[in-house]
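Q: missing the sequence, but the structure's below:
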């Protein structure tokens, strides 16, 4: 837990600078693995979660749940996600359990600047994706 | 067996099962054990290989020594025959035979050792490939475990905290509305600035006698003066008071 916090020291200011001064809050999430939630003012509904795995630092943004997809357009939606995937810079669409995520992976020992860049890109992409794909959602 | 194929098999069950099977079965511990075992057996096989290769070298050296000895004895036997020492020659011939028999055994042992070295090298190579595969599996398993555990922690806390139980669409609308509010506020501020900034300037211009207000004041003054001039001599009485 502490290693991740140590690694994220100063993340707020780096993200704030990239987001034109929007406030940024970090919050540790209790649980079995170290997880830190990054909330950006104005986008509180789409926080980014950071967690460190064996060799990678993972950045996740939960987009929607399986149940929110319009059943009549489900297949079309999945294909759209597959088609979009290679084009979305630095982020990949995926599913964890019943929740769709946009995720990015960094080296385990990534610098705080690199993490900030990833957080900003992931947040922008997530918002963009949600906006672009909301027609497929209930 | 490919790791991705294993994942696909697990995924065919259900996503939840995948998460549980990986987290609950403690697959990573098993992978770690397999990796440790594979490493240990590779280390052991390498030690064994070194000693086998040493034995092979010794066998080679021994064969060469026996060959040289047999050749030397052969030469001695021929020399005895040359000197018509048949009995002696026969004795040496028996020694040659004994040496050749020993050489044959030694060469068979040497060939066996060579084959064992070859087999062990192949075993080590395949064990190393397996190890790499295990390491890749472990990495995928651990990443999957992290993702599922993190998701679990996040779900638990979000549900407990009640922070976010809104749909994606609702989230998007909130963010958009907030964004529009901000854009509206910025626009309003800009407009206000424009207006206020403008009237402030008008005031300054008016004070300097420039602009429509000053013009109107001048016009009023001109009218008043004209009226005064028309009144002329009648209003003269008032003049001295001014002077």
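A: Cool, got the structure. Predicted model, so just to flag it, every value in this text is computed and none were measured.
Q: Return the list of helices and strands in contact with the host helix or strand of residue B:112.
A: Secondary structure assignment for residue B:112, by DSSP states H and E: helix B:86-161. Contacts defined by 3 or more C-beta pairs under 8 Å, 6 or more residues apart in numbering or on different chains; DSSP states H and E place helix B:86-161 against strand A:24-29, strand A:35-40, strand A:48-52, strand A:56-65, strand A:92-96, helix B:3-13, helix B:15-24, helix B:27-82. Backbone N, C-alpha and C define where each C-beta goes, glycine included.
Q: gap between the second one and the chain center?
A: The gap between where strand A:35-40 is centred and where its chain is centred comes out at 9 Å by C-alpha atoms, centre = their mean, to the nearest Å.
Q: Report the rounded mean pLDDT for stretch B:100-116.
A: Mean per-residue pLDDT for stretch B:100-116: 94.
Q: Would you mind listing the buried residues in that stretch?
A: Going by neighbour count (16 or more other C-beta atoms under 10 Å in any protein chain shown), the buried part of stretch B:100-116 is B:100, B:103, B:106-107, B:109-110, B:113, B:116.
Q: just to revisit the earlier point, next structured bit after the helix holding residue B:112?
A: Trace forward from helix B:86-161 with DSSP H and E and the next one is helix B:168-207.
Q: For that following helix, name the packing helices and strands.
A: strand A:56-65, helix A:112-133, helix B:212-231.
Q: Identify the residue spatially nearest to the residue in chain B that chain A sits nearest to, adjacent ones excluded.
A: Nearest to chain A, among the residues of chain B, is residue B:153, at 2.6 Å (C-beta to the nearest C-beta). Nearest residue to residue B:153, sequence neighbours excluded (C-beta to C-beta, 6 or more residues apart in numbering or on different chains): residue A:31, at 2.6 Å.
Q: ok, the closest residue to residue B:38 other than its chain neighbours - contacts?
A: Counting by C-beta to C-beta, 6+ apart, residue B:38 lies nearest to residue B:131, which is 4.4 Å off, once chain neighbours are set aside. Residues in contact with residue B:131 (C-beta atoms under 8 Å, 6 or more residues apart in numbering or on different chains) are B:35, B:38-39, B:42.
Q: Write down the beta-bridge partners of the most centrally placed residue in chain A, one by one.
A: What sits nearest the mean C-alpha location of chain A, by C-alpha atoms, centre = their mean, is residue A:61, with 2.8 Å. Beta-bridge partners for residue A:61, by DSSP bridges, are residue A:102.
Q: okay, it: pLDDT?
A: 94.
Q: That one contacts residue A:126, doesn't it?
A: Yes. Counting by C-beta atoms under 8 Å, residue A:126 is a contact partner of residue A:61 at 4.2 Å.
Q: Need the residues touching each of those two.
A: With C-beta under 8 Å, 6+ apart as the test, residue A:61 and residue A:126 both reach A:46, A:48, A:102.
Q: Pull out the buried residues from these.
A: For the shared contacts of residue A:61 and residue A:126, buried by 16+ other C-beta under 10 Å: A:46, A:48, A:102.
Q: For stretch B:168-183, buried residues please.
A: Of the residues in stretch B:168-183, those buried (16+ other C-beta under 10 Å) are B:168, B:171-172, B:174-175.
Q: before we move on, what about stretch B:125-132?
A: Result for stretch B:125-132 [16+ other C-beta under 10 Å]: buried residues B:127, B:131.
Q: mean confidence score for it?
A: 87.
Q: Also stretch B:224-238?
A: 73.
Q: on that earlier part again, just put the helices and strands packed on helix B:86-161 in CSV and tack on distance to residue A:74.
A: Below are the helices and strands packed on helix B:86-161 laid out as CSV (distance: least, C-beta to C-beta, whole Å):
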stretch, distance to residue A:74
strand A:24-29, 30
strand A:35-40, 29
strand A:48-52, 26
strand A:56-65, 12
strand A:92-96, 13
helix B:3-13, 17
helix B:15-24, 16
helix B:27-82, 31
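Q: For residue B:146, see how far away whatever residue of chain A ends up closest to chain B is.
A: Ranking the residues of chain A by distance to chain B (C-beta to the nearest C-beta) places residue A:31 first, at 2.6 Å. According to C-beta to C-beta, to the nearest Å, residue A:31 and residue B:146 sit 11 Å apart.
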